[in-house]
Structure formats: C-alpha cells, structure tokens
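Participant: Provide a 3D model corresponding to the input given below.
(2 chains)
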Amino acid sequence: AQSVTQLGSHVSVSEGALVLLRCNYSSSVPPYLFWYVQYPNQGLQLLLKYTSAATLVKGINGFEAEFKKSETSFHLTKPSAHMRDAAEYFCAVTKGQGAQKLVFGQGTRLTINP
Amino acid sequence: DGGITQSPKYLFRKEGQNVTLSCEQNLNHDAMYWYRQDPGQGLRLIYYSQIVNDFQKGDIAEGYSVSREKKESFPLTVTSAQKNPTAFYLCASSIEGWGRAYNEQFFGPGTRLTVL
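Facilitator: Prediction:
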C-alpha cells in the first residue's frame, strides 16, 4: 500500500528565508507525486507534480521539488519565503496504474514571520 | 470560467438527519472524487467515480452515499449512520480516472459540515 509522511506538522520561517517542507513516500510501484497548497477555508491548488520525467520539478509561485528515489523523498523548497506563502501544504502519491486514487500526507502548516 | 462548485459553503445538521452536499464541474472531466478533511489528518477518500453511472468506495465510505447520473454532477449524502460527520468536505475532478494517474485533480472550494 502507498503512504506519505510529511515531517513536521508546523514549519515557521522568516520572510526571505529558505522554505523546506519534507515529504517521504512509500510505494511498491513507481509513484506519481504531487504537492498541493491550501489557503484557509479553501480547496486545494496544485503546486507541482512528478511524473517520471525530470527529477527536479518546478512549480508555481517559485516552488520546486526534487524526486530522490534512493531516499524515497519529494521535498518541497522555495529559496525565499513571502508572506503570501503562509498556508497548509499537502504531499500526495498515486500509483501509475489503475484508478487515480491520491493518498495524502497529514499536511504541513507553513507560517511566515515578518 | 471552468471549475468546480460546491454548495453550500457551510451546512449545519441535526443529529439523525441526512444531508446532501452538491458538487458540480464544467471541466468536462470524466472522474470525480469526494474527500473528507479533518484537522491533522490530511484528506481521506470517501468515494470516487471514474465514469457516469459508476462509482467506487474509497477508504472511509461507511455512512456516506453518492450517485453519478450526470457527468458534471457528483452529490454526496451524509447519512445518519455516519458517526462523526463534522468535517470539511472537498470534491475534486480529473480529466480521466483510469490509467492516467499523473493527471492533476482539481478541487472545489469545499463545504464545512457541522452537526449540532
């Protein structure tokens, strides 16, 4: 069975600092991996996705993530945090065959300090 | 504008009542999904439908029911059998539900259900 672990339910960084949100996955087959962002009381918006092409994936709002098979990781980074990045971030995995059923991590709430 | 709409945004229910949450999409997507979100637990799949007139149970289907009579609509009924229904409910869709797992799921704005 697939699973996702997000290390750290809350992450706090200063404005302008590096953002690093951690995601480790478990999958018996090559996975597809996604990062979504959720602003308060809203739905989820896709930031980026890994689909077995390039291992370094660039997304919206300056975010990127690197797929590392040897570490079973897909950490999300942004070089310089903005106040508008404050939100909850979810990592998700789905297998490459059959029905597209996303398995989500528990989420990481990102706080930006001025 | 194409997208997913969910209504109502807030819903209050008395214990023992069934309620139906609406989800409509005009993206011409084949697949639709219902998720439940609780604080600190991420999103959990309730039901999904890959095509009209077909749907499958997700991980936490007990106490819920769905229908998929039209491509654009996938209503969720929370029945009185659901023991802890207070949660944030999210509907999503994707262009294809089978064999294209790299396709993005698009999410609606959600419905917050509170049982009084």
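Participant: what's the spacing between the residue nearest in space to the middle of chain A and chain B?
Facilitator: The structure's chain A has its C-alpha centroid closest to A:Trp35; by CA atoms, centre = their mean the separation is 3.5 Å. According to CB to the nearest CB, to the nearest Å, A:Trp35 and chain B sit 11 Å apart. (Each C-beta comes from the backbone N, C-alpha and C, glycine too.)
Participant: contacting residues around that residue?
Facilitator: Contacts for A:Trp35 (CB atoms under 8 Å, 6 or more residues apart in numbering or on different chains) come out as A:21, A:23, A:46-49, A:59, A:63, A:65, A:74, A:76, A:89-92.
Participant: mind checking how far the residue lying closest to it once chain neighbours are set aside is from A:Pro30?
Facilitator: In space, and not counting its chain neighbours, A:Trp35 is closest to A:Leu47: 4.3 Å by CB to CB, 6 or more residues apart in numbering or on different chains. Distance of A:Leu47 to A:Pro30, given as CB to CB, to the nearest Å: 21 Å.
Participant: Compare those two and say which one has the larger neighbour count.
Facilitator: A direct count of neighbours by other CB atoms under 10 Å in any protein chain shown for A:Leu47 and A:Pro30 places A:Leu47 higher, at 24 against 11.
Participant: tell me the pLDDT at that one?
Facilitator: A:Leu47 is assigned a pLDDT of 97 by the prediction.
Participant: Tell me if I'm right that it and A:Gly62 touch.
Facilitator: No. Counting by CB atoms under 8 Å, A:Gly62 is not a contact partner of A:Leu47; they are 9.9 Å apart.
Participant: Show me which residues of chain B sit near chain A.
Facilitator: Taking CB under 8 Å from any CB of the partner chain, the part of chain B that reaches chain A is made up of B:4, B:31, B:33, B:40-45, B:48, B:50, B:56, B:58, B:90, B:92, B:94, B:96-110, B:112.
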